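J.: here is the input, now give the coordinates:
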Amino acid sequence: MITKEEAYEQADRYLIENIGNLIGPGEPIFDSKVGIWIVPVFHMSKVAVFPIGEMVIDSDGNILYAPTGKDIEEMFERKLASNEKLKEKFQLVATG
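T.: Numbering: from 1, shown residues only. Presented below is the predicted three-dimensional model:
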């Protein structure tokens, strides 16, 4: 069985290679009932850090579920649409 640190590293590697460096993993949580690591995924920029999804990794280190770039984009848009303060922060940065 992989450790919490290995689950984190696996998630981090996947996110950097497939999504980009503004997305990163949070602290993995092991669900012993089904033998999987649930790893929260965060948007991480100078503007804000907030949860944007999750990954699932089995006890052998295989990624069972990970959001795609499109999934992340859709979750990001929903987050902005539901949070006016966050939306304003990103608009300020975009306009300079």
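
J.: pLDDT below threshold where in this protein?
T.: Along the chain, the model assigns pLDDT under 70 to residues 93-94, 96.

J.: tell me which residue is most central in it.
T.: Computing the C-alpha centroid of the chain and ranking residues by C-alpha atoms, centre = their mean puts Val41 first, at 1.7 Å.

J.: what sits against the closest residue to it other than its chain neighbours?
T.: By the measure of C-beta to C-beta, 6 or more residues apart in numbering, the closest residue to Val41 outside its immediate chain neighbours is Gly53, 4.4 Å from it. Any C-beta I mention is one placed from the backbone N, CA and C, and that applies to glycine too. Counting by C-beta atoms under 8 Å, 6 or more residues apart in numbering, Gly53 makes contact with Pro40, Val41, Pro67, Asp71, Ile72, Met75.

J.: wait, the third one sits on Met55?
T.: Yes - with contact defined as C-beta atoms under 8 Å, Pro67 reaches Met55; the gap is 7.2 Å.

J.: neighbour count for these two, which is higher?
T.: Using other C-beta atoms under 10 Å as the criterion, Pro67 and Met55 rank with Met55 on top: 23 against 20.

J.: what about that one, distance to Ile63?
T.: To Ile63, Met55 is 6 Å away according to C-beta to C-beta, to the nearest Å.

J.: overlap in contacts, the two.
T.: Looking at what touches both Met55 and Ile63 (by C-beta under 8 Å, 6+ apart), the common residues are Ala11, Tyr14.

J.: in a strand, that's where Leu86 is, yeah?
T.: No - according to DSSP: H, G, I helix; E, B strand; the rest coil, the state of Leu86 is helix, so it is not within a strand.

J.: can you start the count at 13 instead of 1 from here on
T.: In the new count, where the first residue is 13, that last one comes out as Leu98.

J.: surely it touches Val61?
T.: No - using C-beta under 8 Å as the test, Leu98 is too far from Val61 to be in contact (10.8 Å).
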